[in-house]
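K.L.:
Give me a 3D structure for the following:
(one chain, ligands or ions: 4)
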Amino acid sequence: MAKKKRKSKAIQDKKGRGTKPKCGLCGKSAKLTKTECCDQWICDDEGKYVLFSYQRNSCHRNHRRYTLCDHHHVEGHSGSWKDCPECRADFESETEMYVYYGTSEYNFEILDNPPSFEPTKCTQCGNIIILSEDGYSCKSGEYWCEKCTDVNIRNIPH
Ligand SMILES: [Zn+2]
Ligand SMILES: [Zn+2]
Ligand SMILES: [Zn+2]
Ligand SMILES: [Zn+2]
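P.N.:
Ligands and ions are numbered 1, 2, ... in the order given. Below you'll find the predicted structure:
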């Protein structure tokens, strides 16, 4: 059994001296954890994510999924992700995604000098595809926008 005497001390501690840690992304301080990749306070909210329903409402998940910081950590690179040649090489054929992951709102810090890139265009209709937002399909370096992908799927001979 837990010792009841502890209780009064816990209340005293709660009276908040000093600054409370806050999530570095949204500023909330309700339930926090630290990121494995960069040791920053972040909402401990992965459990909130429901598959295919709320898409990007979890700070923890967003940082894990949409940043170079996490990629760098998971891949076991050394040094800072911001000037990591290995990270850059991993996205060599998709500079657009490298820039997105390096400057997305889910970062605590962003790339100082993101490289420029040519917009990705649909092979079929020529419309620009925003890789981080739009639906698309790709095959051997070519991209198709969502519309053309749909059309192509329907036109596959049975
Ligand atoms: Zn948060
Ligand atoms: Zn991180
Ligand atoms: Zn790296
Ligand atoms: Zn298209």
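
K.L.:
next helix or strand past the helix or strand bottoming out on mean pLDDT in the chain?
P.N.:
Among the helical and strand segments of the chain, the one scoring lowest on mean pLDDT, DSSP states H and E is helix 6-14, with a mean of 46. Downstream of helix 6-14, the first helix or strand assigned by DSSP states H and E is strand 32-34.

K.L.:
partners of that next one, with directions?
P.N.:
strand 41-43 (antiparallel) (DSSP bridges).

K.L.:
what sits against the residue nearest in space to the middle of the chain?
P.N.:
The residue lying closest to the centre of the chain (CA atoms, centre = their mean) is residue 66, at 1.9 Å. By CB atoms under 8 Å, 6 or more residues apart in numbering, the contact set of residue 66 is 56, 100, 101, 104, 106, 132. Just so you know, the C-beta spots here come from the backbone N, C-alpha and C atoms, and that holds for glycine as well.

K.L.:
Repeat the analysis, applying 7 Å as the threshold.
P.N.:
Under the criterion of CB atoms under 7 Å, 6 or more residues apart in numbering, the contact list for residue 66 reads 101, 104, 106.

K.L.:
Just the helices from this structure, written as ranges.
P.N.:
All helices of the chain, identified by DSSP state H, fall at 6-14, 59-65, 68-74, 85-90, 95-103, 146-155.

K.L.:
Okay, buried residues for the third one please.
P.N.:
Same thing as helix 68-74. For helix 68-74, the buried set under the neighbour-count rule, 16 or more other CB atoms under 10 Å, comprises 68, 69, 70, 71, 72, 73.

K.L.:
State the distance from the closest residue to the fifth one other than its chain neighbours to ligand 3.
P.N.:
Across the structure, with CB to CB, 6 or more residues apart in numbering as the measure, the residue nearest residue 72 apart from its sequence neighbours is residue 81 (3.6 Å). Distance from residue 81 to ligand 3, counting by CB to the ion, to the nearest Å: 5 Å.

K.L.:
Then residue 132?
P.N.:
The gap separating residue 132 from ligand 3 is 19 Å, by CB to the ion.

K.L.:
Show me what from the chain comes close to ligand 1.
P.N.:
Counting by CB under 5 Å from the ion, the residues of the chain lying close to ligand 1 are 23, 25, 26, 43, 59.
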